[in-house]
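> I'd like to go over a predicted model; first the sequence, then the structure.
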Amino acid sequence: MNKVVTRFAPSPTGYLHAGNYRSAVFCYLFAKKMGGSFILRIEDTDRARSKKEYEENILDALSWLGLKHDHFYRQSEQGPRHEELLRKLVAEDRAYISKETPSKEGGRTEVVRFRNPGEKITFTDSIRGAITFDTQELGDFVIGRSLSEPLYHFGVVVDDMDEGVTHVIRGEDHIPNTPRQILIQRALGAPTPVYAHLPLVLGADRSKLSKRLNAKAMTEYRDLGFIPEAMLNYLALLGWHPEGEQELFSLSALIDAFNLSRIQKAAGIFDEVKLRWFNKEHLRSLSDEEYAQRLMRFLESAGVSSPAYLSRATPILKERAETLLEARGLIESGECAFLEERVPYPEAVLLQGAKASAEEVARNLKKVLELLGGVSKTDWSAANIKNTIFSYATEVGKSTVLWPLRVALTGKERSPDPFIASELLGPEETLSRIRKALEELPQ
RNA sequence: GGCCCUAUCGUCUAAUGGUUAGGACGGCGCCCUCUCACGGCGUAAAUCGGGGUUCGAAUCCCCGUAGGGUCACCA
């Protein structure tokens, strides 16, 4: 069997949405699973609508997702080849120059039409099985505006042939295009690739994903603080399911598990809520260092400066934010500011949740100070701190110890627990803030 | 409208003739807990309808119905 070659062939006439990239994901996974190669082909034969900006966005999104192409083509650069084959078809009378009365603005008086033999075409779709069309009703469709201006169907067939594409994996909306393309293949003597038409990705309202109405550009998700691992994982599982119940996959695990036979036939809805779950999970599986790095880059690209305490805040952020944007929100709202400097608080807050007198709280904080003094600086971890304090706290009433301790450290009614706060603050700062709290209490 | 595709909890899906129809997200409830968050446990929730075939149908066939796609000198 020939080496597998798949291609993702978007046209740069707008920002691509999740459905488009889901096709790219499947093409990529299948090619890599089979040890084959993955082609990126920009279909820019419509010079009027194609824009460099959109092409760059596609490249940007694909590289963000980690889908590296093995070959890159720009359809507009195949002009001479397309013209050569278009002329060949005309010479063989499989196509002809047709006189037209332009039906709309800018219409030509001459176009190239395919001489349609009008036979029934049956092809086997790897996802849906046999599909039959009667191509009679297609008529002699147009394949070129002129001999030097090929149209979509012709360009696709020539390029797939020349690039050695063996598997065409694309959206279901291309099913009706397939018989025309097979007709052109036969006229050209080109092989017919294996077709796999993917179910569509729908918006929350069950309508087709549309850039204007309900779909974000892929790069917008990056700006919203989603990480590529999560997006890739989510996209792969939208319309495909591996054996077993595992849901969290890395790119290489996806390649390993992927196959065409477990692809869904029915359309699926793009659900941002589930995407958020994947994002949270993948964010958590990052090391603290990696997490801090990504968040720093995220803040930088948004023009926000990273606070000095950012890397220490990671454990807190990981627990509380599902996206990098939420992490940014926590930083900006001062959620972790206590790591930077002591946050002042009214005395009432210190006592509020303790439900105890100032004298009792002072006594407890002194005791905590004494206990913590016995913890070695090299063993200064949340677990050790908890062990050290907990039995005393339990004995005298947890809320009378832990609440004021936590407020002394974080200055807030609601915050991370005092153990993790102590760890992140370090021994000197922790002890100093407890002393400070004691000074402010009536003796 | 013609042609084509599809149909399991709200959503993503498992079960390829025999299961109390399973899992995940979300929802709800309980627990954990000094607060907030995290987490743990539990729970409600589905085979579009009607006919066949079969001892037996979510699964196979037919007919409906519903949804979607497509019918360009766009891709």
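Thanks, I have it.
> Okay, now the unreliable bits of the stretch 51-200 of chain A?
Applying pLDDT under 70 to the stretch 51-200 of chain A picks out no residues at all.
> How about the residues of it by RNA strand B?
The stretch 51-200 of chain A comes close to RNA strand B at residues A:75, A:100-103, A:106-109, A:111, A:128-129, A:131-134, A:137, A:141-142, A:145, A:151-153, A:155, A:172-177, A:199-200, as judged by Cβ under 7 Å from any atom of the strand. Where C-beta positions appear, they are placed from N, C-alpha and C, glycine not excepted.
> Narrow these to those in strands?
Among these, the members falling in strands (DSSP state E) are A:111, A:129, A:131, A:132, A:133, A:134, A:142, A:145.
> For the closest residue in space to the fourth one that isn't next to it in sequence, give its distance to residue A:154.
Which is residue A:132. Residue nearest to residue A:132 in three dimensions, not counting chain neighbours: residue A:122, with 4.4 Å by Cβ to Cβ, 6 or more residues apart in numbering. Remark: distance between residue A:122 and residue A:154 (Cβ to Cβ, to the nearest Å) = 22 Å.
> Isn't the residue nearest to residue A:132 up against residue A:135?
No - assessed by Cβ atoms under 8 Å, residue A:122 is found out of contact with residue A:135, at 10.8 Å.
> So between these two, which is more surrounded?
residue A:135 (17 against 11; other Cβ atoms under 10 Å).
> got the contact list for the more buried one?
By Cβ atoms under 8 Å, 6 or more residues apart in numbering, the contact set of residue A:135 is A:116, A:117, A:118, A:119, A:120, A:121, A:179, A:180, A:183.
> Farthest-apart pair in those, please.
A:120 and A:180 (13.4 Å; Cβ to Cβ).
> out of these two, which sits in the more crowded spot?
Set residue A:120 next to residue A:180 and count neighbours by other Cβ under 10 Å: residue A:180 wins out with 22 against 10.
> Chain neighbours aside, what residue packs nearest to the more buried one?
Nearest non-adjacent residue to residue A:180 (Cβ to Cβ, 6+ apart): residue A:153, at 5.1 Å.
> residues near the one you found, how many?
Count around residue A:153 with other Cβ under 10 Å applied: 19.
> residues touching it, list them.
A:141, A:143, A:177, A:180, A:181, A:184.
> ok, so of the residues you listed, who is nearest residue A:420?
residue A:177 (57.3 Å).
> and stretch A:214-233, which residues are buried?
The neighbour-count check on stretch A:214-233 (16 or more other Cβ atoms under 10 Å) flags A:215-218, A:221-222, A:224-233 as buried.
> hang on, the earlier thing: please indicate which of the ones in strands among the residues of the stretch 51-200 of chain A next to RNA strand B are buried?
When these are checked for burial by 16+ other Cβ under 10 Å, the buried set is A:111, A:131, A:133, A:142, A:145.
> ranges for the strands of the stretch 151-300 of chain A?
Ranges of strands within the stretch 151-300 of chain A are A:167-171, A:194-198, A:201-202, A:268-269, based on DSSP state E, counting those that start in this stretch.
> Can you check which of the ones you listed gets nearest to residue A:252?
Comparing the strands of the stretch 151-300 of chain A by Cβ to Cβ, strand A:167-171 comes nearest, at 19.7 Å.
> Which strands and helices lie in contact with that closest one?
Where contact means 3 or more Cβ pairs under 8 Å, 6 or more residues apart in numbering; DSSP states H and E, strand A:167-171 is packed against strand A:5-8, helix A:18-33, strand A:194-198.
> re the thing from before, between the contacts of residue A:135, which has the most around it?
Neighbour max across these (other Cβ under 10 Å) = residue A:183, 25 neighbours.
> The residue nearest to it when sequence neighbours are not counted and residue A:117: what is the separation?
Once flanking residues are discounted, residue A:183 sits nearest to residue A:135: 6.1 Å by Cβ to Cβ, 6+ apart. Note on residue A:135: its distance to residue A:117, by Cβ to Cβ, is 8 Å.
> Repeat that for residue A:92.
Residue A:92 is 13 Å from residue A:117, by Cβ to Cβ.
> ok, now residue A:182?
Distance of residue A:182 to residue A:117, computed by Cβ to Cβ: 11 Å.
> List the residues that contact residue A:382.
Residue A:382 makes contact with A:419, A:420, A:422, A:423, according to Cβ under 8 Å, 6+ apart.
> my guess is the third one contacts residue A:409, does it?
It stands for residue A:422. Yes - with contact defined as Cβ under 8 Å, residue A:422 reaches residue A:409; the gap is 6.5 Å.
> what sits in contact with each of those two?
residue A:430.
> quick revisit: out of the contacts of residue A:135, name the ones that lie in helices.
Among the contacts of residue A:135, the members falling in helices are A:179, A:180, A:183 (criterion: DSSP state H).
> so the last one makes contact with residue A:116?
Yes - between residue A:183 and residue A:116 there is a contact at 6.5 Å, judged by Cβ under 8 Å.
> Run through who's touching stretch A:196-206.
By Cβ under 8 Å, 6+ apart, stretch A:196-206 touches A:17-19, A:22-23, A:26, A:125-128, A:167-175, A:178, A:208-210, A:213-215, A:238-239, A:260, A:263-272.
> ignore the last one, stretch A:353-366
With Cβ under 8 Å, 6+ apart as the test, stretch A:353-366 has contacts from A:347, A:350-351, A:393, A:396-397, A:399-401, A:403-405, A:407-408, A:413, A:434, A:437-438, A:441-443.
> Kindly report the same for stretch A:248-259.
A:26, A:29-30, A:32-33, A:66, A:229, A:232-233, A:236-237, A:240, A:242-243, A:278, A:281-282, A:285.
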